[in-house]
Each structure stands twice: as C-alpha cells, then as structure tokens.
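Visitor: Sharing a sequence plus its predicted fold:
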Amino acid sequence: MKNNCLCLLTTATLAASSLALAHHSAVMFDTTREIAVEGTVTRYVWRNPHVYMAIETVGPDGQTVVQQVEVGAPSVLAPLGLTPESLAIGERVTIHGNPHRTGASRIMLGRSLTREDGSRLPLNIAEQSLLQASTARATSLAGTWFSPLSGLRGFSRSSGTWNFTDRGRAERAAWDIAQASYGDCVPVTTPTLMVYPVATTIELRDDAVVFNVDWMTSQRIVYVDGREHPDTIEPSLHGHSVGHWEGETLVVDTIGFAAHSEGLTMGVPAGPRKHTVERFSLDPDGRHLNYEVVLEDPDYLAEPLTYRSQLDYRPDIEPTNLACDLETARRYRTEE
C-alpha cells in the first residue's frame, strides 16, 4: 500500500473465547473479521491495563480519520518485546486487528503492527514474542518466571469440565463481562494469577516467600516460619497464605479470600470458603517451574479441582511494575 487506507482484509474464524480471560474487552470487537489500517502514529499511551494508540489514516470516503486502537496490557506485552520506546509519533505503520462490533470505525482491537521496513510488533497476548527464550537455568525458585499463554488457555478451557453447584451455574449464566473486576482495577486472584502471562518474581526469605506478579502490582506473601492461619482472618484479595517445604517443593495453603466476581475464573465468582493448596517445584531441567493447585469453593464448586501448569525461567524479562490506571481500565465500558 502506497497511500493511507482503511481496508477489510478477510473474514476468518478467530478463537477469541479462550482469550477473553486475558483481554476483558475483546468481546466488544468482532473477532471474526480482520481489518488493516495504514497511517501515521499520532498517539501512543503506555498504561495498564491497556495501551492505546491513535493512527491518522484515510477512510473509505477519502476523508481523514483518526483511528483509535486498543492494545493489550503493558504487563502482558512487555514480555513479548513491546516497550514504551517501540513506536515514535509520526511513524508510518499498518495495524492489523478487529473492528468494533457496532461497525463504528473510531475504535478497533489491535493484534499486530507492521512497520514500513516489514518488521512486526505484537499488540495482543496471542502474538508471537520478539524475544528469544532464555537458556539460563535456575537453581531454586528464586528469580523471574513467565507463564506462557498455554497455561492461561488451559485453565480457562478446563472450566468447561468443572462440576459447579447450582449457584455456580446460575452465577456463570448471569455474569456480565461489562461488570468485570478489571474495570475497577481489581486483579484476578489465585490460581488464575499464577498462570497469567506476565512476569512473576519470587523472593525467598527466611520467614516468607514473596511473589510479585506484574499484573496490577499484585503481591502474595507466603509465611514459612511455622505459623498457622489465625483463628480470625480479615478477608483480603489474595487471602492469607502459610507454607512449608517438602524437600525442594514449596507447599502453600491459602484461605481468607475476599469475595471476588471472577475469583474462580472469568464468569465464576468465589466466596469466603475458597481454599487453595499449591505446590511449586523447580523442574530438573532448571528452566521451568512446576505448578499444581487444588482449588475448592463449596459455594460454587460441587467438588475440588486440580490444575497443573509450568512457568518458564526468564531472568531476562524486566517487570513493568505499572499500577492499574482507573480511567484507562474503565474506558472499554464506553467504547461504542
């Protein structure tokens, strides 16, 4: 393309349902259609939980159009190679993505970006990373880990086989994504948080193991000094965690979770009786962290469930440490 343009590329069947968990407003867009917008970057805002861009282009009627582009979160895209310095205002690019469901052209969902030299940048959680996988090997749980998208996808898809209580089924059927907790800067909790495709830094202390998860600056503190859960617990987002070591494996017991609209998974809340038992162990190859969780919540699950996944050792990834911006988080609720 030699001129700026807004054009329809193709109609395809894109499986976005498994990504809705990671991109809460993806349902606002028609993910069965792909469009391309070529033009000049006029805005590039690096904020959690969404990056936003503006591209000056030419519409079908020949008039100048400022195309707004909603992109994934910095916490998700930074491990794929996108940075605040990746784009410059005035740069000519082509954005590939999905149009808004209403047919309005002022906002689209970006999936990838192509520069004039043909190089591409990831704009979506499902895009290929620009970074090479690390060959470094860990000697303990300490360090920076990254859960590949397959971990989140697997957990999301597994919910289709869960045995819900009547209340759980009713809540799932009535759930409205427009009221998702993301819009209020409330992050997901365990176990979803542990398989989210962002950097997780583990710090080993004498009295505690600290998990800093680069999703809305989430932090989990697991006490390993022999203490037990107190008789009275003030409910909190990530609950109260105590752990112990079984050889080289960290076993974590967590209760005291605050009620959460997506406390079990997207569309399924959790109540005050939610309880998790997690096991973290270094894989013999030194490049993976094995993760297993047993999740129970008698209010919404008819029986406990078990899920297993792996995180990759990625000491090369720098967490963004970006807090959630409330105005940006709520923006998707007004995108029409």
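Guide: On my side now, so go ahead.
Visitor: Now do the longest strand anywhere in the chain: which elements does it pack against?
Guide: Assignment by DSSP state E gives strand 33-45 as the longest strand of the chain. Here strand 33-45 touches strand 5-11, strand 52-58, strand 64-70, strand 92-99, strand 107-115, going by 3 or more C-beta pairs under 8 Å, 6 or more residues apart in numbering; DSSP states H and E. (Glycine included, C-beta is placed from N, CA and C.)
Visitor: In a markdown table: those, plus mean pLDDT, mean neighbour count and distance to Leu193.
Guide: Listed next are the helices and strands packed on strand 33-45 as a markdown table, based on pLDDT from 0 to 100; neighbours: other C-beta atoms under 10 Å; distance: least, C-beta to C-beta, whole Å:
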| stretch | mean pLDDT | mean neighbour count | distance to Leu193 |
| --- | --- | --- | --- |
| strand 5-11 | 39 | 13 | 35 |
| strand 52-58 | 96 | 20 | 24 |
| strand 64-70 | 94 | 19 | 23 |
| strand 92-99 | 96 | 20 | 27 |
| strand 107-115 | 96 | 22 | 24 |
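Visitor: Output the ones you listed as a markdown table; include the columns distance to Val224.
Guide: Formatted as a markdown table, those follow (distance: least, C-beta to C-beta, whole Å):
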| stretch | distance to Val224 |
| --- | --- |
| strand 5-11 | 53 |
| strand 52-58 | 41 |
| strand 64-70 | 41 |
| strand 92-99 | 45 |
| strand 107-115 | 42 |
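Visitor: Which one, of the ones you listed, ends up nearest to Ser181?
Guide: strand 64-70 (18.4 Å; C-beta to C-beta).
Visitor: And for that closest one, what's in contact with it?
Guide: Applying C-beta atoms under 8 Å, 6 or more residues apart in numbering, the contact partners of strand 64-70 are 6, 25, 37, 39, 42, 50, 52-59, 95, 97, 105-110, 123, 332, 335.
Visitor: Roughly how far does Arg331 sit from Leu131?
Guide: The gap separating Arg331 from Leu131 is 28 Å, by C-beta to C-beta, to the nearest Å.
Visitor: Of these two, give the one with the bigger neighbour count.
Guide: More crowded of Arg331 and Leu131, by other C-beta atoms under 10 Å: Arg331, with 19 against 15.
Visitor: Please name the nearest non-neighbouring residue to the more buried one.
Guide: Computed as C-beta to C-beta, 6 or more residues apart in numbering, the closest residue to Arg331 that is not its neighbour in sequence is His50, at 7.2 Å.
Visitor: And stretch 207-225, what's buried?
Guide: By 16 or more other C-beta atoms under 10 Å, the buried positions in stretch 207-225 come out as 208-209, 211-218, 220, 222-224.
Visitor: which regions of the stretch 201-336 of the chain sit below the pLDDT cut-off?
Guide: 332-336 (pLDDT under 70).
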